[in-house]
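Undergrad: after the sequence you'll find the predicted model.
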Amino acid sequence: MGFMQALKARWADSGSLVCVGLDPEPAKFPKDFAGDPEAVYNFCAAIADATAEYACAFKPQIAHFAALRAEGALERLIAHLHSKHPGIPVILDAKRGDIGSTAQQYAREAFERYAADAVTANPYLGRDSVQPFLDHADRGVVILCRTSNPGAGDLQDLIVDGRPLYRHVAEKVAREWNGNGNCALVVGATWPEQLRDVRAIIGDMPILVPGVGAQGGDAEAVVRNAATADGTGLLVSSSRAILYASSGADYAQAAAKAAKDLRDTIARARG
Ligand SMILES: O=C(O)c1cc(=O)[nH]c(=O)n1[C@@H]1O[C@H](COP(=O)(O)O)[C@@H](O)[C@H]1O
């Protein structure tokens, strides 16, 4: 089953639009992990197992593993997610973007080495830089459109041909790059107006929405502004607010509660 079908099936089966972000920071792990050489894997796997019930997707962030020389842990974690939670798609957050020959290697890295169902990509180098990802019709390509961070507007809001650059990204991806039906966009929860704007351009294409929780975005406003007519279309992603909900021995239960609370907040807004 391809990424888009798997995502739709998971939205339906779980009733959840929550994407659980896996961004390991060992300094924030409970003290029981001190001295564990497999702490990164063990912590992330425990969080994933505790939150799976409330998740429509998992999103490991590659820099959080690579900076720790823990790429092996990331490979094993994704293998664990596939075997223990087979219906839940895994999005590798790598924000790749480079000339075609290099992008081909990034696509192999994401889809072969890590066996991710989808990867985040940066559109700035243009279509040929994203094409190696798009060509994997069964995998998702989640393209940055209007990011969650404070400086998102520095470039993404620049007016080009009468409208902001992020709108061009939304239009291009929806009308030209999505021939295989495997594209999604990233729009931050911190920008509800832009979420509404992008939804109006792209029809039912999924939107990955980071920025709730630690970055302060409002999950209800996300749903009001950007859910599709059937009340789906969104992956509302949270990392730190779930991962580090408690630094005590109850960290996994606290993570599960944080994921459940986010699912329930979203469900109320979906009506
Ligand atoms: O592509 C992403 O996932 C992403 C895009 C964006 O615009 N903003 C954003 O925060 N992210 C990622 O989403 C996660 C947000 O983490 P929290 O703020 O802890 O929920 C991090 O892994 C970011 O790298």
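TA: Good, I have the coordinates.
Undergrad: tally of neighbours for the residue nearest to Asn225 when sequence neighbours are not counted?
TA: In space, and not counting its chain neighbours, Asn225 is closest to Arg196: 4.1 Å by CB to CB, 6 or more residues apart in numbering. Placement of C-beta: from N, CA and C, glycine included. Arg196 is flanked by 15 other residues according to other CB atoms under 10 Å.
Undergrad: also the one 4 residues further on?
TA: Other residues within reach of Ala200, judged by other CB under 10 Å, total 12.
Undergrad: so how far is Gly179 from it?
TA: Distance, Ala200 to Gly179, by CB to CB, to the nearest Å: 22 Å.
Undergrad: cool, Glu193 as well?
TA: Noted for Glu193: a distance of 29 Å to Gly179, by CB to CB.
Undergrad: show the contacting residues for the nearest residue to Arg224 once chain neighbours are set aside.
TA: Nearest non-adjacent residue to Arg224, counting by CB to CB, 6+ apart: Ala269, 6.2 Å away. When contacts are counted by CB atoms under 8 Å, 6 or more residues apart in numbering, Ala269 touches 219-220, 222-224, 227.
Undergrad: check contacts around the residue of the stretch 1-150 of the chain found nearest the ligand.
TA: Closest approach between the stretch 1-150 of the chain and the ligand, counting by CB to the nearest ligand atom: Thr147, at 3.2 Å. Counting by CB under 8 Å, 6+ apart, Thr147 touches 156, 186-188.
Undergrad: what about 10 Å?
TA: By CB atoms under 10 Å, 6 or more residues apart in numbering, the contact set of Thr147 is 95, 122, 153, 155-156, 166, 186-188, 190-191, 210-211.
Undergrad: what does the protein put close to the ligand?
TA: 21, 23, 61, 93, 95, 120, 147-149, 186, 188, 210-211, 213-215, 237-241 (CB under 6 Å from any ligand atom).
Undergrad: how about 8 Å then?
TA: When proximity is defined as CB under 8 Å from any ligand atom, the chain approaches the ligand at 21, 23, 59, 61, 63-64, 91, 93, 95, 120, 142, 144, 146-149, 152, 186-188, 208, 210-215, 237-243.
Undergrad: can you give the distance of stretch 223-241 from its chain's centre?
TA: The gap between where stretch 223-241 is centred and where its chain is centred comes out at 11 Å by CA atoms, centre = their mean, to the nearest Å.
Undergrad: for stretch 20-35, same thing?
TA: 20 Å.
Undergrad: from the opening residue of that stretch to its closing one, how far?
TA: Distance between the two ends of stretch 20-35: 26 Å, counting by CA to CA, to the nearest Å.
Undergrad: picking that back up, buried sites along the helix or strand where the residue nearest to Arg224 lies?
TA: According to DSSP states H and E, Ala269 maps onto helix 251-270. Across helix 251-270, burial judged by 16 or more other CB atoms under 10 Å covers 251-252, 254-263, 265-266, 269-270.
Undergrad: how about stretch 18-31?
TA: By 16+ other CB under 10 Å, the buried positions in stretch 18-31 come out as 18-24, 29-30.
Undergrad: in strands only, show me the contacts of Thr147.
TA: Filtering the contacts of Thr147 for membership in strands, criterion DSSP state E, returns 95, 186-187, 210.
Undergrad: who wins for most neighbours among these?
TA: That'd be Val187 among those, by other CB under 10 Å, with 33 neighbours.
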